[in-house]
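Chemist: need a structure here:
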Amino acid sequence: MYGQELAEVYEIFYRSRGKDWPAEAAQVTELVRARCPEADALLDVACGTGAHLQTFGKLFGHTEGLEIAEPMRELAHHRLPEVTVHPGDMRDFDLGRSFDAVVCMFCAIGYLGTVPELRDAVRSMARHLRPGGVLVIEPWWFPENHVEGYVAGDLGRENGRTVARISHSTLQGRATRMEVRFLVGDRSGIREFTEIDVLTLFTKDEYTAAFTDAGCTVEYLPGDPTGRGLFVGVRQ
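Modeler: Residues are numbered from 1 along each chain as shown. The predicted model follows:
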């Protein structure tokens, strides 16, 4: 997933449904500073195209990103040439430094396939926090929230390009399998492509245990920014 075709249109259809990356980054910053008022260095794990990272860069003195998908990382570099965006896997990365805050937004954690992988990722993120630093993770849906056969549709238009997106979700084991079809039109013509996303429906207890195992306190804040809530912890 997150190949070149998707990376190029990724933000268009989410903006069409009202996603506000700057507002979300500001909200997360408030949560971090409420627990660590002096926080000034932040790492954005699975930072994608750098849409959150752009605002974090205005709110923190030092920011870095981590992104496994090269097409997304290239767009982040283009958007934020002065910010280091590392290639890396959230399950086992080592940047050789610590931060006051580590965040992992927009359900990226859901792309991990097993509970051990979830625990490895949370442990890797917590390892990059100084004592008293804050870890914020936006989960995918919990198992009880899955809606079998759910269909979503979006239509976005920006800068002469129109993007239509339709997704259909089914249960695959203990994960949501989304078949996502895109239709993209611009002056060069019309093209279409399909992405298959598989996101694990981890339980609330599994997230909580991963934070605790990584040496962090943990609280779950339901609701914002996308209805799935946030897990927030502080490294002990």
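Chemist: now the strands for the protein?
Modeler: 41-45, 62-67, 84-87, 99-104, 129-137, 151-158, 161-172, 175-186, 189-200, 219-221, 230-234 (DSSP state E).
Chemist: Rebuild these as JSON lines, extending it with mean pLDDT.
Modeler: Formatted as JSON lines, the strands of the chain follow (pLDDT from 0 to 100):
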{"stretch": "strand 41-45", "mean pLDDT": "98"}
{"stretch": "strand 62-67", "mean pLDDT": "98"}
{"stretch": "strand 84-87", "mean pLDDT": "98"}
{"stretch": "strand 99-104", "mean pLDDT": "98"}
{"stretch": "strand 129-137", "mean pLDDT": "98"}
{"stretch": "strand 151-158", "mean pLDDT": "95"}
{"stretch": "strand 161-172", "mean pLDDT": "97"}
{"stretch": "strand 175-186", "mean pLDDT": "96"}
{"stretch": "strand 189-200", "mean pLDDT": "96"}
{"stretch": "strand 219-221", "mean pLDDT": "98"}
{"stretch": "strand 230-234", "mean pLDDT": "98"}
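Chemist: of all those, which lies closest to Phe211?
Modeler: strand 230-234 (4.5 Å; C-beta to C-beta). The C-beta positions use only the backbone N, C-alpha and C, and glycine is treated the same way.
Chemist: Show me how far the closest one is from its chain's centre.
Modeler: With C-alpha atoms, centre = their mean, to the nearest Å as the basis, the distance from the averaged C-alpha position of strand 230-234 to the chain average is 14 Å.
Chemist: Quick check: Ala25 touching Leu59?
Modeler: Yes: if you go by C-beta atoms under 8 Å, Ala25 and Leu59 touch, sitting 7.1 Å apart.
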